[in-house]
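*Asks:* here's my sequence, what's the structure:
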Amino acid sequence: MHSNQFNVSAEQLKKIPIPLFDLDFQHQIKTLVNKAALYRNHSDIFYSKAENLLLEELGLKDFKPKYELSYTANLSQAFGVHRVDAEYFQPAYDKIEKHLIKNFDTFSIKKIRFVEVTTGQYTENYVSKEEGRPYIRGADISNGTINTDNLVYIAPEDQIESKKAKEGDVVVTRVGTIGLSARIPKECERGTISDNLIRIRIFDEGKINSYYLALYLGSPIGVSLMIRNSRGSVQQRLNQETLKEVVVPLLPPETQQKIASLVQQSHETRKKAKELLEEAKRKVEEAIENEINK
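*Replies:* Numbers count the residues shown, from 1 in each chain. As a prediction, this is how the structure comes out:
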């Protein structure tokens, strides 16, 4: 089964029948939908607080990269990093990296011994949700987690074992929009990471919190450094080797946990919003079925 895009014209939309239930029932549905919207708003607030706290702790709260129109780099620098593209030597990126290295315990991902980096699996052989397991794509990333609303699924026998997801894995987009990041939630465990993502697996959460890492990589700081390390003249691309060059500040565990707690609250309230919308949908569907069966 392949996913297809369907379109509805204005004329077709006019022909869709709408059941008019009594006002009390409509009020119940409206209340659920309004509560869901409130929870979603709270989720965004918690996520924004987490990002602001991260930037404050890094001393980059008011950071706004000033891109230089012209700058120079020594030939020895280019040879040293095996890069000749101007974007890599943009001074704004260099200032970020130097600030982090000077003020914090900061390491490139390749030098963090307790993480493993790998790419995902390509497939277009989708099956139904009942038959398969989640196939996690860049399009499914939202606010540091995976939005399960539009997931596609692949058959278990088509999965490559080394590309399977585990709760706590951190994934980032490597093509298109560079730097979208997420922590894999429990409901996506044993799914498969798609080939447009790079996965970072953490083996010691006591040293780096997965919620913290996903937030950092998806922040303006992390995204800037991933863009710096991406390659491609027409379409930018990250690969696992260039992602490994991105530096990560290892803040104290208690600071990471404070940031992670805000991210967790964001995810929990977003989940609650989804549950309320599903409850509203279920109530409408049951009401329609009752009318049909009368």
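*Asks:* the strands in the stretch 51-200 of the chain, which residues?
*Replies:* Per DSSP state E, counting those that start in this stretch, the stretch 51-200 of the chain carries strands over the ranges 106-108, 115-119, 126-127, 133-136, 141-142, 145-146, 152-154, 170-173, 181-183, 192-193, 197-202.
*Asks:* which elements pack onto the third one?
*Replies:* Packed against strand 126-127 by the contact rule (3 or more C-beta pairs under 8 Å, 6 or more residues apart in numbering; DSSP states H and E) you find strand 152-154. Every C-beta, even on glycine, is put in place using the N, C-alpha and C of the backbone.
*Asks:* select the longest helix from this protein.
*Replies:* helix 253-292 (DSSP state H).
*Asks:* which parts of that one are buried?
*Replies:* Residues of helix 253-292 classed as buried: 256, 258-260, 262-267, 269-274, 276-277, 279-280, 284, 287 (neighbour count, 16 or more other C-beta atoms under 10 Å).
*Asks:* just stretch 236-254 next, same as before
*Replies:* Under the neighbour-count criterion of 16+ other C-beta under 10 Å, stretch 236-254 has 236, 238, 240, 242-251 buried.
*Asks:* that older thread, nearest to residue 16 among the strands of the stretch 51-200 of the chain would be which one?
*Replies:* When these are compared by C-beta to C-beta, strand 152-154 sits nearest residue 16, at 26.0 Å.
*Asks:* list the strands paired with the closest one, with their directions.
*Replies:* Strand 152-154 sits in its sheet next to strand 126-127 (antiparallel), strand 133-136 (antiparallel), going by DSSP bridges.
*Asks:* over to residue 246: give its phi and psi.
*Replies:* phi -70, psi 130 (degrees, to the nearest 10).
*Asks:* ok, the closest residue to it other than its chain neighbours - contacts?
*Replies:* Nearest residue to residue 246, sequence neighbours excluded (C-beta to C-beta, 6 or more residues apart in numbering): residue 225, at 4.8 Å. Residue 225 makes contact with 93, 96, 97, 246, 247 under the criterion C-beta atoms under 8 Å, 6 or more residues apart in numbering.
*Asks:* cool, thanks, talk later.
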